[in-house]
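>>> Dropping the sequence and predicted coords here.
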Amino acid sequence: MCDTLVAGAAETAAGVTLFAKNSDRKSSECQPFLQFPEANHPPRATVRATHVEIPQVAETYRVMGHSPWWVWGFEHGVNEHGVAIGNQSVFSNEPVEQTPGLIGMDLVRLALERGRDAREALEVIATLVETHGQGGAAFAPDAPGYHNSFVLADPQQAWLLETSNRRWVARRTQLGSLSNHFCLGTEWEIGSRDLEAFARAEGWWRGAGRLDVAAAYRDRRIPGRISEGRLRRSRELLMASRGRHDVASMQRILRDHLDGGSAWQPGASIEEERYFTLCAHSEPLHCTTASLVAPLPTDRNGPWPVWISFGTPCTGIFLPVYLDGTLPFALARGGAEPDASSAWWTFKQLQDAASADPQRHTPVLRAGWAELEDEIEAERENVERRARQAAQMGDRDRAAELVSDFMARSVEAALKRADELRARIR
């Protein structure tokens, strides 16, 4: 499960495209944040994704993103060209292929490594699904696979992309979001050649007009309450602040619990739509395990921050990270078992403590994080200014050193504060 949002430059206060995503998975699945450098590859090189090996391209770009500990790819991430991508599971009338193929997270990372803009990244995904298909465990190492949708954005454009095995369909957007069902109706722009022919052959579409993708492909056996309410809510919140969106507004959306605000209100039945809020605590189906908010500036000659969170964002803090620096070790640590050196597991323990009484504990956490957020923000502006000056003078090593040291201090302070807050709410 997942929810991804985008606000184009015209819809934001600073005139910069904003991308945001909550990654919703099993609550105990560690999701570290990883970074990979740009690289050149020899002819006939291959790359091993989660389940299959495919041909490598000659050049791959610098990337970073959240990755479930057992998966090769990313739930969401960015690349050096200012492209951001996130995926969602969707449920199609077409059964998932039984043979192993690429999974949605593999496709996110591959598109980021190979796409210089959102349209090129879309074409990467389209070509890969047509060539290799989608299949193999994706929600857990021993769970079935699923089809995927994607939000792809860069500083100038954003696309909504939905897939069903080896078929796909897409359209552009300026202000939009996707959740866990097919959303594109008749307003799609481009798609695979056999998209309509296949739906007609299967008897899913008999209309005389333009193909309604959602009507034809969506598996209605999956209860709508799982994702329809979340999609309505994300689009309502996007519309409510259109033209004024900033990093903080996107973070608020990712923390949303309807009338509970940033505090989860347990007790709703799994049969109720309101059980499935944007900030997910929806056991046993899914829980938010990682989040990202990324401004996508046109000028990337200096440092540009991406904000990431571990576990449920309502109980944690969004930390700025930089593709041009070296990520702190703690962000990339974590596996199947609790690990004191892992940022993800540290925030998961805080989340678990808060879950005992979220209405009482969440305000304590939000107040505790606010002070640190202000401290980090005040230092961030100064560090970015100095790093930009160093980069403009040609000293990119110094610029990288400045943001790397800042990330290390911020993460150290956040982990210390997480332990203090967990002790405070026990």
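Perfect, thanks for sending it.
>>> Show the subsequent helix or strand relative to the longest helix seen in the chain.
Identified as the longest helix of the chain according to DSSP state H is helix 358-392. Where DSSP states H and E defines the elements, the next helix or strand beyond helix 358-392 is helix 396-425.
>>> That next one vs helix 358-392, what angle?
Angle, helix 396-425 to helix 358-392, by axes from the mean of the first three to the mean of the last three CA atoms, to 10 degrees: 170 degrees.
>>> buried stuff in helix 396-425?
For helix 396-425, the neighbour count (16 or more other CB atoms under 10 Å) marks 399-400, 402-404, 406-408, 410-411, 413-415, 417-418, 421-422, 425 as buried. For the C-beta atoms, the positions are set from N, CA and C on the backbone; glycine is no exception.
>>> same question, stretch 99-113
For stretch 99-113, by 16+ other CB under 10 Å, it's 100-113.
>>> from those, which two are the most distant?
Largest separation among the buried residues of stretch 99-113 by CB to CB: Pro100 and Leu112, giving 21.7 Å.
>>> Burial check on Ala208, number of neighbours?
Here the count is done by other CB atoms under 10 Å, and Ala208 has 4 residues near it.
>>> same deal with Thr298?
Around Thr298 there are 12 residues (other CB under 10 Å).
>>> distance of Phe19 from Val383?
Separation of Phe19 from Val383 (CB to CB, to the nearest Å) stands at 23 Å.
>>> Show me which of these two is the more surrounded one.
Applying other CB under 10 Å to Phe19 and Val383 shows that Phe19 carries more neighbours, namely 28 against 23.
>>> Now the more buried one: phi and psi?
Per-residue torsions, Phe19: phi -120, psi 140 (degrees, to the nearest 10).
>>> Just confirm it contacts Phe150, I think it does.
No - look at Phe19 against Phe150 with CB atoms under 8 Å: they stay out of range, at 11.5 Å.
>>> Touching both of the two, which residues are there?
4, 86 (CB atoms under 8 Å, 6 or more residues apart in numbering).
>>> Show the contacting residues for the residue nearest to Arg25 when sequence neighbours are not counted.
Spatial nearest neighbour of Arg25, excluding adjacent residues (CB to CB, 6 or more residues apart in numbering): Thr289 at 4.8 Å. Applying CB under 8 Å, 6+ apart, we find Thr289 in contact with 23-27, 29-31, 68, 310-311, 344.
>>> Val411 now?
Contacts of Val411 (CB under 8 Å, 6+ apart): 319, 328, 330-331, 343.
>>> Go again with 6 Å.
By CB atoms under 6 Å, 6 or more residues apart in numbering, Val411 lies in contact with 328, 330.
>>> show me where pLDDT drops low in the stretch 51-200 of the chain?
Scanning the stretch 51-200 of the chain for pLDDT under 70 picks out no residues.
>>> can you give me the strands for it?
Secondary structure of the stretch 51-200 of the chain, counting by DSSP state E, counting those that start in this stretch: strands at 53-55, 59-60, 63-66, 76-79, 84-90, 147-153, 158-164, 167-172, 175-178, 190-191.
>>> chain center to the longest helix of the chain, what's the gap?
Offset of helix 358-392 from its chain centre (CA atoms, centre = their mean, to the nearest Å): 21 Å.
>>> Now do the buried residues in it.
Across helix 358-392, burial judged by 16+ other CB under 10 Å covers 358, 361-362, 365-366, 368-369, 372-373, 376, 380, 383-384, 386-388, 390-391.
>>> Only the buried residues of stretch 124-141, if you could.
124-126, 128-130, 132-139.
>>> possible to save those as JSON lines with distance to Phe91?
Output for the buried residues of stretch 124-141, formatted as JSON lines (distance: CB to CB, whole Å):
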{"residue": "Val124", "distance to Phe91": "24"}
{"residue": "Ile125", "distance to Phe91": "19"}
{"residue": "Ala126", "distance to Phe91": "20"}
{"residue": "Leu128", "distance to Phe91": "21"}
{"residue": "Val129", "distance to Phe91": "16"}
{"residue": "Glu130", "distance to Phe91": "20"}
{"residue": "His132", "distance to Phe91": "21"}
{"residue": "Gly133", "distance to Phe91": "17"}
{"residue": "Gln134", "distance to Phe91": "13"}
{"residue": "Gly135", "distance to Phe91": "15"}
{"residue": "Gly136", "distance to Phe91": "17"}
{"residue": "Ala137", "distance to Phe91": "16"}
{"residue": "Ala138", "distance to Phe91": "13"}
{"residue": "Phe139", "distance to Phe91": "12"}
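>>> domain ranges for the chain?
2-300, 331-426 (automatic domain parsing).
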